[in-house]
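Undergrad: quick one, what's the 3D model for this:
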Amino acid sequence: MKHSLLFAFVFFLTACSQGPESPRGFSLPEGDLERGEQVFVQYDCLSCHRLQGYDAVVTERELDTPIILGGTVTKVKTYAELLTSVINPSHRLASGYQDEQIMDDAGQSLMRNYNDIMTVSELIDLVAFLESYYELNPYAQSHYHMYYP
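TA: You can find the predicted model right below:
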């Protein structure tokens, strides 16, 4: 019985990742941090975002409360999540902000769509640059033992 459940679980996991929507086989080249910084400034990301060390560069803000990028996080901010945030910003909206600060009346992100403006190389470099600004600080687990009645 144990083996059949294990087999079913492994089969389920394998079956889910092999379809046409699967990210299997998808890989992008490594980005360049310096070029990513240039892209970040060129596309004026600071008009809607804040990034430590770049506050003095801001010319004019489009959002009253800029969306904070980078910093210490308790969960790994993956390359795929950052990439998705740029090419499909409505996929997952930033938490900690009021809805009217980050989305329109239709529930879509206020972030401009850069898919027809930014090249793939620029996107790869930008994501590499942004990724370097996140620092993982996992939450501290309690040292209490499991209680079994």
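Undergrad: can you give me the strands in this structure?
TA: 49-51, 67-69, 71-73, 134-136 (DSSP state E).
Undergrad: may I have the strands that pair with the last one, each with its orientation?
TA: Think strand 134-136. If you go by DSSP bridges, strand 134-136 pairs up with strand 71-73 (parallel).
Undergrad: let me know the average pLDDT across stretch 74-83.
TA: The average pLDDT for stretch 74-83 rounds to 80.
Undergrad: give me the contacts around that stretch.
TA: Stretch 74-83 is contacted from outside by 23, 28, 92, 123, 127, 130-131, 134, 136-139, using Cβ atoms under 8 Å, 6 or more residues apart in numbering. In this view, the C-beta of every residue, glycine as well, is placed from N, C-alpha and C.
Undergrad: ok, so of those, who is nearest Gly53?
TA: Checking the contacts of stretch 74-83 against Gly53 by Cβ to Cβ gives Leu130 as the nearest, at 12.8 Å.
Undergrad: just give me the neighbour total for the closest one.
TA: 26 (other Cβ atoms under 10 Å).
Undergrad: against Cys45, how distant is the residue nearest to it when sequence neighbours are not counted?
TA: Spatial nearest neighbour of Leu130, excluding adjacent residues (Cβ to Cβ, 6 or more residues apart in numbering): Leu82 at 5.4 Å. As judged by Cβ to Cβ, to the nearest Å, Leu82 and Cys45 stand 12 Å apart.
Undergrad: which one of those two has more residues nearby?
TA: The neighbour comparison of Leu82 against Cys45 (other Cβ under 10 Å) goes to Cys45, with 24 against 19.
Undergrad: so which bits of stretch 73-93 are buried?
TA: By neighbour count on 16 or more other Cβ atoms under 10 Å, the buried set for stretch 73-93 is 77, 82-83, 85-86, 89-90, 93.
Undergrad: got any ranges where this protein has weak pLDDT?
TA: 1-18, 56-59, 76, 139, 141-142, 144-149 (pLDDT under 70).
Undergrad: change it to 90
TA: Low-confidence segments of the chain (pLDDT under 90): 1-29, 47-48, 53-68, 70-82, 84-85, 89-110, 112, 134-149.
Undergrad: how about the closest residue to Gly107 other than its chain neighbours, phi and psi?
TA: Take Gly107 and drop its neighbours on the chain: the residue closest to it by Cβ to Cβ, 6+ apart is Ser90, 7.6 Å away. Taking degrees, to the nearest 10, you get phi -80, psi -10 for the backbone angles of Ser90.
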